[in-house]
Structures are given as structure tokens and as C-alpha cells.
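[1] Provide a 3D model corresponding to the input given below.
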Amino acid sequence: MKVAHPTVTIELLFLDLQTCDRCCDTDHNLDMAVEQVRSELHAQGTTVQVRRRHVTTEAQAVALGFEISSTIRVNGRDIQLDWHASACGACTELADNANSVDCRVWHWQGILIVTLPEATPVHEAERLTVDLARAGIKAYAWVINQSLLASGTAHPILCERGSYELSFVRRVADTLSKQAALIPWLADAPIGEAGLERVIQ
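    Residues are numbered from 1 along each chain as shown. Predicted coordinates:
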């Protein structure tokens, strides 16, 4: 009787691997990371599959749920859930300069797992960490976003709603992560360096 061995499927979705430095660097770094963990995973009976998808049309992007180049998915889940992007000259030229094209900006100190203080998002993010662990990737920290509990609201209904978050916040902080940040519900999303600076002040 054959025993089914677990498989970790890593996908790289990209716009260009010829002229875009960001996509090319991501491709190179992915190969290096996979080679570092492949033998160890193989010894554990886990197979690693790496797939590359060149996204060339808007219809293909929609079908794949492709939002930004480059994207790395482990077993179908984006490894950087809360991503940032900036204009990419090389990919804009590929689009004949008709529209400015953004590419992902990678900030790597480990994976940041971003979730909401609710049951389904926390469980989904928890499953993602299991998939990442199979690939030898550890989460650097968890970020719990849009928290009413941390907002300082005095509204009785919002306070009650915030109290429901407590069990999920404790699960993340006490069980799932050695480092966790709780971000309050804000009127304006903390986008970019300036936005993040306001959060940590």
C-alpha cells in the first residue's frame, strides 16, 4: 500500500522575468530559499513543488486572483498578506506606458502574518502558518489589525464588540506568536512609512 506524502506547492506569479529587477530578484531569492529547505523537507517525507506563472493578460490575472507582481503563494496562500507596492518602470514599459504599473515592495525580516481579531481570519492565518512551516518558513510576527478593543472607544456597543476580540487576541499573543502587534481601528488606513509611524508613536 502506497503512503501519500505531503506536498508543499510554491507558486511564483509575475509579470516579467527579463527586465523587471524586482521580479528577477524575487525569482532568484525563491530558488535559494527552496534549496535551503528542500533536503530537510525531503528527509521528512515532504515534497516541494515550485511553479512559475507568467501573467500576461488581465483576464488571466482575474482568474488567478493575481493582484500584484511578484506574488509568492504557499499551497495557494500569499506569504505576504499585507503587501505594499510602488511604481515599476520596467513593467510600465511592458504595458507600453499606457498606465503606471506597480510592483510589490518586499520588506524581509521574516513573514508578517496579518489578521483581524475574529474567528475566521485568525483560523485562516493559523492554517497559513502551518503551510509555511512545512516549507521551512517561520513567521516573524503577527499583526492584529482593525481592533476595537485597542481603539479606546467609550461607546457601549463598540466596547461590547471589542470585548469579543479578547479571546482571539490572546490566542495570537499567547499561543501563535512570540511577537504580536495590536493595531486599533483607525479612520484612515496606516499606509506607507508615514502611516506606520503614526501607529507606533
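
[2] chain center to stretch 122-131, what's the gap?
    11 Å (Cα atoms, centre = their mean, to the nearest Å).

[3] Would you indicate which residues of it are buried?
    122, 125-126, 128-129, 131 (16 or more other Cβ atoms under 10 Å). C-beta here means a position set from N, CA and C on the backbone, and glycine is covered the same way.

[4] now those in CSV, with pLDDT, secondary structure and distance to Gln44?
    Output for the buried residues of stretch 122-131, formatted as CSV (pLDDT from 0 to 100; DSSP: H, G, I helix; E, B strand; the rest coil; distance: Cβ to Cβ, whole Å):
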residue, pLDDT, secondary structure, distance to Gln44
Val122, 80, helix, 27
Ala125, 77, helix, 23
Glu126, 80, helix, 21
Leu128, 77, helix, 19
Thr129, 77, helix, 17
Asp131, 75, helix, 15
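
[5] right, and out of these, which lies closest to Glu35?
    Closest approach to Glu35 among the buried residues of stretch 122-131 (Cβ to Cβ): Asp131, at 19.0 Å.

[6] Contacts only, for the residue nearest to that closest one when sequence neighbours are not counted.
    Closest residue in space to Asp131, ignoring its immediate chain neighbours: Asn75 at 4.3 Å, by Cβ to Cβ, 6 or more residues apart in numbering. Going by Cβ atoms under 8 Å, 6 or more residues apart in numbering, Asn75 touches 8-9, 131, 134.
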